[in-house]
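Participant: Have a look; sequence and predicted model below, questions after that.
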Number of protein chains: 2
Amino acid sequence: MPVSPLFRPIDVAPAYQKVADAIEREIVNGRIKPGDPIGTEHDLVRQFGVNRSTIREGIRVLEEGGLISRDSSRRLHACLPRYSKLASRLSRALVLHEVTFRELYEASMTLEVASVEGAVKSATEENLAELTDNLVRSEAVVGNPAALAECDAEFHVLVAKASQNRVLQLAREPAAQLFYPTTEMIVTGVAEGGPRLVAAHGHLIDAIRRRDREAGVLWTRRHLQDWRRGFEKIASLDRSVEHVYMEHAQAARRR
Amino acid sequence: MPVSPLFRPIDVAPAYQKVADAIEREIVNGRIKPGDPIGTEHDLVRQFGVNRSTIREGIRVLEEGGLISRDSSRRLHACLPRYSKLASRLSRALVLHEVTFRELYEASMTLEVASVEGAVKSATEENLAELTDNLVRSEAVVGNPAALAECDAEFHVLVAKASQNRVLQLAREPAAQLFYPTTEMIVTGVAEGGPRLVAAHGHLIDAIRRRDREAGVLWTRRHLQDWRRGFEKIASLDRSVEHVYMEHAQAARRR
DNA sequence: ACTCTAACTTTGTCGGACAAAGGGACGGAA
DNA sequence: TTCCGTCCCTTTGTCCGACAAAGTTAGAGT
């Protein structure tokens, strides 16, 4: 028969984990706000009553999670986790899970269409200015695949931003980090790829400005189908994403 | 004038970071496969030629990133990052960014509909069996809000799994981790909420089995609109997600 | 008030140490 | 021979103390 619950389960966890959890709690529940200083390692040693090595292990955990970081003088402070850094963790995981380009393509078809729909509904003048600026820069580098691919990635980040939906912004980022690097390969291999890409961006901006949902969705679909056609000229959609693409994500994380 | 590029930039990073990067590279590019042992801390001390404290800090970074973990005997081995753990990082970030329930709702409307469409197209018999099993368990706890909310969360994970699209699975998880805990509050406060939820699940399984895309989309929309109506009885959609919901995510992470 | 320097702090790394827990080997019992 | 218990070794988590490099602060001098 079950004994009466005289004792609560004891929280048994390594000290460094408890340190990390304690600091995380204070940040997540808002008692420590982003930007607030955390104190020196020595402070934490005194407060938690554990050794500095233990504190440092706890700090590493939080740092990797993006909850705290070190400023120019290496002092600790809480901070807002950055989407691109978090997303690169996810990209890495997707690579390890050996997802296929088909999965990437189909998920992106959903996520990018939703982004554009959001942008059509909610884009501000500032968003449109950013997008237009991006378009101008894209046109200038249409013959340079690496630079154009980078512009393309930025363009879609800006579209997602224009949707004013941060959940969507975050949800699309991991796939995008793996998806858009291939753009470089495609516009390198397919001559008309660059101009088509830039033209599609132009139509998309236009649709967003005119708040024309139909057109936005249509051009997003076309844009992605272009990608697909280009990609299928160089590889099968059922190939899994390989580690080479991670180099982009890693570079983005450090940036 | 620019000097000729005689020297490459020196990679200046803390030793623990280099240790983490080196191990990460081996895992991501496949030379160390998930499940492979990493060796003891002492081994790594010898291989990298740095102090054990330094090795340990590097290990914490990788552990937090989900790339390595310790088995029952605390030995290190590479592993496939788990979606729920990664997603809880993202949920945490969303809370810190103070996203609103409206953002969560609108993003989920997209993500869950896409999941169901994928499930309608690709669900296997095994997927259907899992879903049906979940339904049976849900019916058994329809009067218990906490247990029902848990079943609901699991149901939608299973639907995403049935889509066979791991990118989508991962993309929807962060929003879901914040979204579904509210279910408990809703079915507690709204008497007919529980039965309606279970009924919707039943219709969804039916649609997936019949490969009826229209019905799948319809019932997903209804299901989410039910959530919305229920939620608006207890709070505004424009309220931001608060830290209390993180407790669920934290519990899920440790599980 | 401004600048330059010297003293102090903080971080990153190192070396060694020890208790607790687990794994493995060895020997004895069934 | 196979099973089981004990002893030893390894590994991890934690602690202590130390030091160089880089940054910060305070104070002296102009």
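Facilitator: Alright, I've got the coordinates. Residues are numbered from 1 along each chain as shown, chains lettered A, B, ... in the order given.
Participant: So chain A: which segments form each domain?
Facilitator: With domains defined by automatic domain parsing, chain A comprises A:15-78, A:83-254.
Participant: Please compute how far the helix or strand hosting A:Arg196 lies from its chain's middle.
Facilitator: Secondary-structure assignment from DSSP states H and E places A:Arg196 in helix A:193-209. Chain-centre distance of helix A:193-209: 22 Å, with CA atoms, centre = their mean, to the nearest Å.
Participant: For it, which residues meet the burial criterion?
Facilitator: For helix A:193-209, burial by neighbour count (16 or more other CB atoms under 10 Å in any protein chain shown) applies to A:193-194, A:196-205, A:207-208. Heads up, the C-betas are built off the backbone N, CA and C, glycines and all.
Participant: With distance to DNA strand C and pLDDT as added columns, please give those residues in JSON lines.
Facilitator: Shown next, in JSON lines, are the buried residues of helix A:193-209 (distance: CB to the nearest atom of the strand, whole Å; pLDDT from 0 to 100):
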{"residue": "A:Gly193", "distance to DNA strand C": "44", "pLDDT": "86"}
{"residue": "A:Gly194", "distance to DNA strand C": "43", "pLDDT": "90"}
{"residue": "A:Arg196", "distance to DNA strand C": "47", "pLDDT": "94"}
{"residue": "A:Leu197", "distance to DNA strand C": "41", "pLDDT": "95"}
{"residue": "A:Val198", "distance to DNA strand C": "43", "pLDDT": "96"}
{"residue": "A:Ala199", "distance to DNA strand C": "47", "pLDDT": "96"}
{"residue": "A:Ala200", "distance to DNA strand C": "44", "pLDDT": "97"}
{"residue": "A:His201", "distance to DNA strand C": "41", "pLDDT": "97"}
{"residue": "A:Gly202", "distance to DNA strand C": "46", "pLDDT": "97"}
{"residue": "A:His203", "distance to DNA strand C": "48", "pLDDT": "97"}
{"residue": "A:Leu204", "distance to DNA strand C": "43", "pLDDT": "98"}
{"residue": "A:Ile205", "distance to DNA strand C": "43", "pLDDT": "98"}
{"residue": "A:Ala207", "distance to DNA strand C": "47", "pLDDT": "98"}
{"residue": "A:Ile208", "distance to DNA strand C": "43", "pLDDT": "98"}
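Participant: Nearest to B:Phe231, out of the residues you listed: which one, please.
Facilitator: A:Ile208 (29.4 Å; CB to CB).
Participant: just to revisit the earlier point, which helices and strands does the helix holding A:Arg196 pack with?
Facilitator: Helix A:193-209 is packed against helix A:101-122, helix A:125-140, helix A:145-162, helix A:181-189, helix A:213-234, with contacts defined by 3 or more CB pairs under 8 Å, 6 or more residues apart in numbering or on different chains; DSSP states H and E.
Participant: what about the stretch 1-150 of chain A, any weak spots by pLDDT?
Facilitator: For the stretch 1-150 of chain A, the stretches with pLDDT under 70 are A:1-11.
Participant: Quick check: residues of it near DNA strand D?
Facilitator: A:14-16, A:49-54, A:57, A:72-74 (CB under 7 Å from any atom of the strand).
Participant: let's go with 10 Å and repeat that
Facilitator: A:12-19, A:41, A:45, A:48-58, A:71-75 (CB under 10 Å from any atom of the strand).
Participant: rewinding a little: now tabulate the helices and strands packed on helix A:193-209 in JSON lines and tack on mean neighbour count.
Facilitator: As requested, the helices and strands packed on helix A:193-209 are exported to JSON lines (neighbours: other CB atoms under 10 Å in any protein chain shown):
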{"stretch": "helix A:101-122", "mean neighbour count": "23"}
{"stretch": "helix A:125-140", "mean neighbour count": "15"}
{"stretch": "helix A:145-162", "mean neighbour count": "22"}
{"stretch": "helix A:181-189", "mean neighbour count": "20"}
{"stretch": "helix A:213-234", "mean neighbour count": "17"}
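Participant: For B:Val187, find the nearest of those helices.
Facilitator: When the helices and strands packed on helix A:193-209 are ranked by proximity to B:Val187 (CB to CB), helix A:101-122 comes first, at 27.6 Å.
Participant: hmm, the closest one touching chain B?
Facilitator: Yes - residues of helix A:101-122 contacting chain B under CB under 8 Å from any CB of the partner chain: A:Glu103, A:Leu104, A:Glu106, A:Ala107, A:Ser108, A:Thr110, A:Leu111, A:Ala114, A:Gly118.
Participant: again, but for stretch A:17-34
Facilitator: Yes - if you take CB under 8 Å from any CB as the test, stretch A:17-34 does meet chain B, through A:Glu24, A:Ile27, A:Val28, A:Asn29, A:Gly30, A:Pro34.
Participant: hmm, who's touching that stretch?
Facilitator: Residues outside stretch A:17-34 that contact it (CB atoms under 8 Å, 6 or more residues apart in numbering or on different chains): A:11, A:13, A:38, A:44, A:48, A:50, A:54-55, A:57-59, A:61-62, A:65, A:67-68, A:78-80, B:92, B:95-96, B:243, B:246.
Participant: For stretch A:32-44, buried residues please.
Facilitator: Taking 16+ other CB under 10 Å as the criterion, stretch A:32-44 shows A:Ile32, A:Ile38, A:Leu44 as buried.
Participant: picking that back up, as JSON lines, the helices and strands packed on helix A:193-209 with distance to B:Ala87 would be great.
Facilitator: Formatted as JSON lines, the helices and strands packed on helix A:193-209 follow (distance: least, CB to CB, whole Å):
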{"stretch": "helix A:101-122", "distance to B:Ala87": "15"}
{"stretch": "helix A:125-140", "distance to B:Ala87": "27"}
{"stretch": "helix A:145-162", "distance to B:Ala87": "18"}
{"stretch": "helix A:181-189", "distance to B:Ala87": "23"}
{"stretch": "helix A:213-234", "distance to B:Ala87": "25"}
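Participant: Columns distance to DNA strand C on top of the ones you listed, output as a markdown table?
Facilitator: Putting the helices and strands packed on helix A:193-209 into a markdown table (distance: least, CB to the nearest atom of the strand, whole Å) gives the following:
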| stretch | distance to DNA strand C |
| --- | --- |
| helix A:101-122 | 36 |
| helix A:125-140 | 34 |
| helix A:145-162 | 30 |
| helix A:181-189 | 30 |
| helix A:213-234 | 41 |
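Participant: Now A:Ser73, what are its backbone angles?
Facilitator: Main-chain dihedrals, A:Ser73, degrees, to the nearest 10: phi -100, psi 20.
Participant: what about it, neighbour count?
Facilitator: Neighbour count of A:Ser73, defined by other CB atoms under 10 Å in any protein chain shown: 5.
Participant: Endpoints of stretch A:135-144, how far apart?
Facilitator: With CA to CA, to the nearest Å as the measure, the first residue of stretch A:135-144 is 14 Å from its last.
Participant: What lies in contact with it?
Facilitator: Contacts for stretch A:135-144 (CB under 8 Å, 6+ apart): A:Ala147, A:Leu148, A:Cys151, A:Asp152, A:Phe155, A:Gly194, A:Pro195, A:Leu197, A:Val198, A:His201, A:Gly202, A:Ile205.
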